[in-house]
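*Asks:* Provided below for reference: sequence and predicted model.
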Amino acid sequence: MQLSETAARKVREIATQQGHPEAALRIAAEPGGCCGYRYSMALVGGVEPGDVAEEHHGVRVVTDPNSAPILAQAEIDFVDTLQQTGFAIHNPTASRGHGHGHGHAGNGGGCGCGRHGGGHGHGEAQGETQKAGHGAGGCACGH
């Protein structure tokens, strides 16, 4: 798994805003029916037994043992454009589904990495790319 420097900077910013600058980013992947995988991201205080932990650009990233193989080749970035803002997951392992990503939520969709803005921070992917919104709160599902 790769966490871009931009994504790591955003995770650190959100963790600091929430008063937990040492928090780790937990990422999980679950099968999402015919749409590929459903990803969830949350800021957590520690590592659970059996977790796989990595560090990227000063951010500790943890995954559960079932999600680790699914996310092994995933690239997580943070995008901020006029059309979309949020965390984007490109996962070549997600070969099921439509084969192209159009599931995304822009401003107002709850942060993809935790509780920022009151969102519960999960996103559903279609094919290979998932973008979770960042902003006013609520679900960051791409539908």
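*Replies:* It's in.
*Asks:* For the rest of this, base every contact and every neighbour count on C-alpha atoms.
*Replies:* Fine.
*Asks:* Mind checking what helix or strand follows the lengthiest helix in the chain in sequence?
*Replies:* Criterion DSSP state H: the longest helix present in the chain is helix 5-17. For helix 5-17, the succeeding helix or strand toward the C-terminus, using DSSP states H and E, is strand 24-31.
*Asks:* elements contacting that next one?
*Replies:* Packed against strand 24-31, as judged by 3 or more Cα pairs under 8 Å, 6 or more residues apart in numbering; DSSP states H and E, are the following elements: strand 37-44, strand 59-63, helix 67-71.
*Asks:* Now do the buried residues in it.
*Replies:* For strand 24-31, a neighbour-count test (16 or more other Cα atoms under 10 Å) marks 24-29, 31 as buried.
*Asks:* Can you get me the start-to-end distance on stretch 16-31?
*Replies:* Start and end residues of stretch 16-31 are separated by 31 Å (Cα to Cα, to the nearest Å).
*Asks:* can you list contacts of it?
*Replies:* Applying Cα atoms under 8 Å, 6 or more residues apart in numbering, the contact partners of stretch 16-31 are 11-13, 15, 37-46, 59-64, 67-68, 70-71, 113, 116.
*Asks:* Please convert the buried members of these into ChimeraX selection syntax.
*Replies:* Typed into ChimeraX, the next command selects the buried ones out of the contacts of stretch 16-31 (criterion: 16+ other Cα under 10 Å):
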select :11,12,15,37,38,39,40,41,42,43,44,59,60,61,62,63,64,67,68,70,71,113,116
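*Asks:* The longest helix of the chain versus strand 59-63: what angle between them?
*Replies:* 90 degrees (axes from the mean of the first three to the mean of the last three Cα atoms, to 10 degrees).
*Asks:* Report the angle between helix 5-17 and strand 24-31.
*Replies:* On the basis of the same axes, to 10 degrees, helix 5-17 is oriented at 120 degrees to strand 24-31.
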